[in-house]
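> Need a 3D model of the following:
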Amino acid sequence: MIRMGTGKEDASLRLRRLLTAGRTFVAISLCSMVAFMLIGALAMVREQRGAASLQGLASTVSTAFFADMLGMEIPVYHSPAQGSFSDRELAQAAAETLTEVNPADPRSLLAAGMPGMEPPASPVPSPDGGAPADGSAGEEADDMDAHDPGVLDGEDEPGVGPVREMPGGAVEPAPQGGGEQQPSAGETASSKNLVFIYHTHARESYAPELGGGVSDPQSAKINVGQVGSRLAEQLEKRGIGTLHDTTDYPTAVAGYRWELSYKYSKKTVQQAMSENGQLKLFFDIHRDSQKRKITTKSIGGQDYAKVFFVIGKGNPDWERNMAFAESIHERLEKDYPGLSRGILGKTSKSGNGEYNQSLSGQSILIEIGGVDNTLEECYRTADALAEVIADLYFNDQKA
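This is a model prediction of the structure:
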């Protein structure tokens with residue numbers, strides 16, 4: 001009897017263990033199923049991630065990279081300027097292509113398997129939907145431009161050295177050797193220079209000023225530099241010392257390459273900072289490529305060219321620059337509702353990604369108007385910007 005009782009107890013114990021293991025297996029299976037369903041649902045709502053392909057490889061390197069590749073076989077493509085090949089860039093491109101993981105961004109390791117972990121490309125959208133659907137600014141950013149427009153047909157070749165655009169539209173050639181900061185009229189009104197205005201793409205122009213019929217207006221004489229001169233003039237009138245640089249890099253830089261534009265302008269900003277230690281605010285003024293419907297606002301019966309702020313998220317301290325842009329945007333919305341199209345944060349995957357903004361937390365890129373705006377409309381906007389910037393600066397000094 002004792003032996004029979006022991007056998008029944010052993011069988012009962014084995015049965016309980018089997019049931020316990022079964023419940024555990026079912027629980028693990030259910031949890032796994034729920035996890036896979038959640039990941040699948042996230043994958044359905046996220047933008048489809050490109051597979052490792054030639055397109056994926058192309059997105060990881062700059063235009064300069066491909067230009068150098070062509071230059072190895074086609075001498076005419078070779079440039080004496082600094083090349084873009086580096087062991088680090090090659091290794092990063094290969095690693096990202098094979099694994100879809102960006103070695104410079106640990107978050108991409110999780111994003112590859114869990115789509116919901118992928119960080120957003122633009123933290124501050126345009127309030128009026130002015131940005132293209134792909135989230136990129138209309139302005140073609142450095143390292144994303146495919147060509148250098150050069151001089152338009154029928155336009156005279158620019159002279160040697162940068163061209164200084166005066167507020168009234170007159171042209172004053174600068175001395176040979178360019179790169180010096182050219183003060184606008186009235187710049188001696190303030191005892192110290194606080195603002196530095198420059199133009200990475202100084203030839204960006206406006207179609208109505210060139211006679212119309214031009215899809216990508218570019219000019220060495222009539223361009224966004226005149227808008228910068230107007231902004232500098234108005235800041236001076238409000239007691240803000242301002243330096244305005246209008247270096248025409250295609251003329252001033254030997255072996256000029258369009259995709260290196262921000263490298264050229266960075267040296268300009270660094271030179272200005274070294275020669276003027278009191279500079280605090282830095283504005284890279286551009287013209288957007290969007291059409292009139294998106295870049296124009298009627299205020300008080302007059303048309304204004306809208307502004308669009310671009311912040312490079314490739315800058316480690318981009319939050320400071322974003323906060324600076326937000327302060328100007330919010331004040332513009334208060335005083336001139338609808339004049340600002342908003343702020344766009346761009347990574348290196350959608351543009352230059354840095355835009356020289358790591359040099360100062362108060363450095364921003366501003367698009368003033370688009371291809372269809374007139375200089376008069378841009379001047380009105382420059383006046384409004386100067387008013388807002390001056391008020392913000394002096395209010396900050398009082399605080």
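
> how does this structure divide up, domain by domain?
Domain segmentation of the chain under automatic domain parsing yields 1-45, 54-117, 163-398.

> what does the model give residue 347 for pLDDT?
Note on residue 347: pLDDT of 87.

> what number of residues lie near it?
18 (other Cβ atoms under 10 Å). Quick note: C-beta positions are derived from backbone N, CA and C, even for glycine.

> Surely it touches residue 310?
No. Using Cβ atoms under 8 Å, residue 347 is not in contact with residue 310; the gap is 11.6 Å.

> Going by mean pLDDT, which of the domains of the chain comes out lowest?
Least confident of these, judged by mean pLDDT, is domain 54-117 with a mean of 55.

> Just give the closest residue to residue 329, not the sequence neighbours.
Take residue 329 and drop its neighbours on the chain: the residue closest to it by Cβ to Cβ, 6 or more residues apart in numbering is residue 340, 4.8 Å away.

> do you know how far the one you found is from residue 250?
For residue 340, the distance to residue 250 equals 30 Å [Cβ to Cβ, to the nearest Å].

> Now do the strand or helix carrying residue 390: everything it contacts.
Here residue 390 sits within helix 375-398, counting by DSSP states H and E. In this structure, residues lying in contact with helix 375-398 by Cβ atoms under 8 Å, 6 or more residues apart in numbering are 169, 194-195, 206, 209, 222, 224, 226-227, 230-231, 234-235, 237-240, 281, 296, 302-307, 327-328, 331-332, 335-336, 339, 366, 368-369.

> How about it, which residues are buried there?
Using 16 or more other Cβ atoms under 10 Å as the test for burial, helix 375-398 gives 375, 377-390, 392-393.

> same deal with stretch 250-261?
Result for stretch 250-261 [16+ other Cβ under 10 Å]: buried residues 250, 251, 252, 253, 256, 257, 258, 259, 260, 261.

> returning to that earlier point: what count of nearby residues applies to the residue nearest to residue 329?
Around residue 340 there are 28 other residues, counting by other Cβ under 10 Å.

> tell me the contacts of it?
127, 306, 307, 308, 309, 328, 329, 332, 333.

> Buried ones from the residues you listed, can you make that a ChimeraX selection?
In ChimeraX, a selection of the buried entries from the contacts of residue 340 looks like this (16+ other Cβ under 10 Å):
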select :306,307,308,309,328,329,332
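
> now the contacts of residue 340 as JSON lines including distance to residue 268 and secondary structure?
Formatted as JSON lines, those follow (distance: Cβ to Cβ, whole Å; DSSP: H, G, I helix; E, B strand; the rest coil):
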{"residue": "127", "distance to residue 268": "32", "secondary structure": "coil"}
{"residue": "306", "distance to residue 268": "26", "secondary structure": "coil"}
{"residue": "307", "distance to residue 268": "22", "secondary structure": "strand"}
{"residue": "308", "distance to residue 268": "22", "secondary structure": "strand"}
{"residue": "309", "distance to residue 268": "21", "secondary structure": "strand"}
{"residue": "328", "distance to residue 268": "22", "secondary structure": "helix"}
{"residue": "329", "distance to residue 268": "26", "secondary structure": "helix"}
{"residue": "332", "distance to residue 268": "27", "secondary structure": "helix"}
{"residue": "333", "distance to residue 268": "31", "secondary structure": "helix"}
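
> Looking at the contacts of residue 340, which is nearest residue 33?
Nearest to residue 33 among those is residue 127, at 42.3 Å by Cβ to Cβ.

> can you pull the pLDDT of the closest one?
At residue 127, pLDDT is 45.

> Over to the one 10 residues further on?
Here, the pLDDT recorded for residue 137 equals 44.

> Give me the phi and psi for the closest residue to residue 193 other than its chain neighbours.
In this structure, residue 193 finds its nearest non-sequential neighbour in residue 241, 4.1 Å apart by Cβ to Cβ, 6+ apart. Main-chain torsions, residue 241, degrees, to the nearest 10: phi -60, psi 130.
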